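Trainee: Sequence first, predicted coordinates after that:
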Amino acid sequence: MLTDFLKHVSEANENPEYVYAVDTVIVSGSYARGEDTLGDLDIFCGLEPRFASTDREAAHERRIEAAYANGRRFSNIVEELYWPEQEVRLCLKARTRGLSLHGLDEFFKMEKDKDFAYKVLIGDAAKIAARLSSEGRH
């Protein structure tokens, strides 16, 4: 499952139409602790805009227009505005059962008990460790 997920990360990062690229991937939970049995695979992802702020709005508009052209409908304006991020997450998740995908902010906000473990698969491990330490959660 992790191998397939990382393949989806590569596909998303190679897609020039996406407004966002995956710059951080952290695995946590039973997988990171090396347990023999896994409930689900807990993955936290950080997305980074591909475009300078001056070009980002136009890129967002293109992706939303493309979604409409492909038949996607949004239930509210917030869904529409966040579509460029959501489409990357949908690519990553790829309807995989057992894959629990979360945003990077959730990783830093979650409770961390004595069994807390994580592995940085993509991104700056030292920077993540420093942020955890500065927040007193590691």
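Mentor: Good, I have the coordinates.

Trainee: going forward, measure contacts and count neighbours with C-alpha atoms only.
Mentor: OK.

Trainee: Can you give me the buried ones in the lengthiest helix in the chain?
Mentor: The helix spanning the most residues in the chain, taking DSSP state H as the definition, is helix 53-69. By neighbour count with 16 or more other CA atoms under 10 Å, helix 53-69 contains the buried residues 59-64, 67.

Trainee: Adding distance to residue 108 and pLDDT, write those residues out as JSON lines.
Mentor: JSON lines is the format used below for the buried residues of helix 53-69 (distance: CA to CA, whole Å; pLDDT from 0 to 100):
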{"residue": "59", "distance to residue 108": "29", "pLDDT": "95"}
{"residue": "60", "distance to residue 108": "27", "pLDDT": "94"}
{"residue": "61", "distance to residue 108": "30", "pLDDT": "96"}
{"residue": "62", "distance to residue 108": "32", "pLDDT": "96"}
{"residue": "63", "distance to residue 108": "29", "pLDDT": "97"}
{"residue": "64", "distance to residue 108": "30", "pLDDT": "97"}
{"residue": "67", "distance to residue 108": "31", "pLDDT": "98"}
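
Trainee: Provide the secondary structure category for the one residue sitting closest to the centre of the chain.
Mentor: The residue lying closest to the centre of the chain (CA atoms, centre = their mean) is residue 45, at 2.8 Å. Of the three states, residue 45 takes strand according to DSSP: H, G, I helix; E, B strand; the rest coil.

Trainee: contacting residues for it?
Mentor: Residue 45 makes contact with 22-26, 101-104 under the criterion CA atoms under 8 Å, 6 or more residues apart in numbering.

Trainee: repeat that for 10 Å
Mentor: Residues in contact with residue 45 (CA atoms under 10 Å, 6 or more residues apart in numbering) are 9, 22-27, 89, 92, 101-107, 122-123.
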